[in-house]
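Engineer: pasting a predicted model and its sequence here:
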Amino acid sequence: MAVPKRKTSKWRRNQRRAQSFFSRLKSPSLSECPECGERILPHRVCPYCGSYKGREILPETK
């Protein structure tokens, strides 16, 4: 069984745990829907026009 040679310092432990905190601070990247031009999350169906990759997935809600 693997046993650590030295105790992990508080600084090193906290630096490892802080990585998830900093990733949550970043704003999500947004892409433009080719059909309606709205800003949406990439690789998802557009909630405004219901299209994905040029095909209509959801019926239009307007």
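Structural biologist: Looks like it arrived, so ask away. Residues are numbered from 1 along each chain as shown.

Engineer: ok but Q19 is inside a helix, no?
Structural biologist: Yes - checked against DSSP: H, G, I helix; E, B strand; the rest coil, Q19 lies within a helix.

Engineer: residues near it, how many?
Structural biologist: 8 (other Cβ atoms under 10 Å). For the C-beta atoms, the positions are set from N, CA and C on the backbone; glycine is no exception.

Engineer: ok, and the closest non-adjacent residue to S31?
Structural biologist: Nearest residue to S31, sequence neighbours excluded (Cβ to Cβ, 6 or more residues apart in numbering): P42, at 4.5 Å.

Engineer: for the one you found, what are its contacts?
Structural biologist: Applying Cβ atoms under 8 Å, 6 or more residues apart in numbering, we find P42 in contact with 29-31.

Engineer: and N14, helix, strand or coil?
Structural biologist: Per three-state DSSP, N14 ends up helix.

Engineer: just confirm C46 contacts E38, I think it does.
Structural biologist: Yes - if you go by Cβ atoms under 8 Å, C46 and E38 touch, sitting 6.5 Å apart.

Engineer: those two - which one has more neighbours?
Structural biologist: C46 (21 against 12).

Engineer: please name the nearest non-neighbouring residue to R39.
Structural biologist: In space, R39 is closest to L30, 4.3 Å off (Cβ to Cβ, 6+ apart).

Engineer: can you list the low-confidence ranges for this protein?
Structural biologist: Within the chain, the stretches falling below the threshold (pLDDT under 70) are 60-62.

Engineer: make it 80
Structural biologist: 22-24, 59-62 (pLDDT under 80).

Engineer: nearest the geometric middle of it, what residue?
Structural biologist: The centroid of the chain falls nearest to P28 when counting by Cα atoms, centre = their mean (5.8 Å).

Engineer: for it, which non-adjacent residue is spatially closest?
Structural biologist: L41 (6.2 Å).
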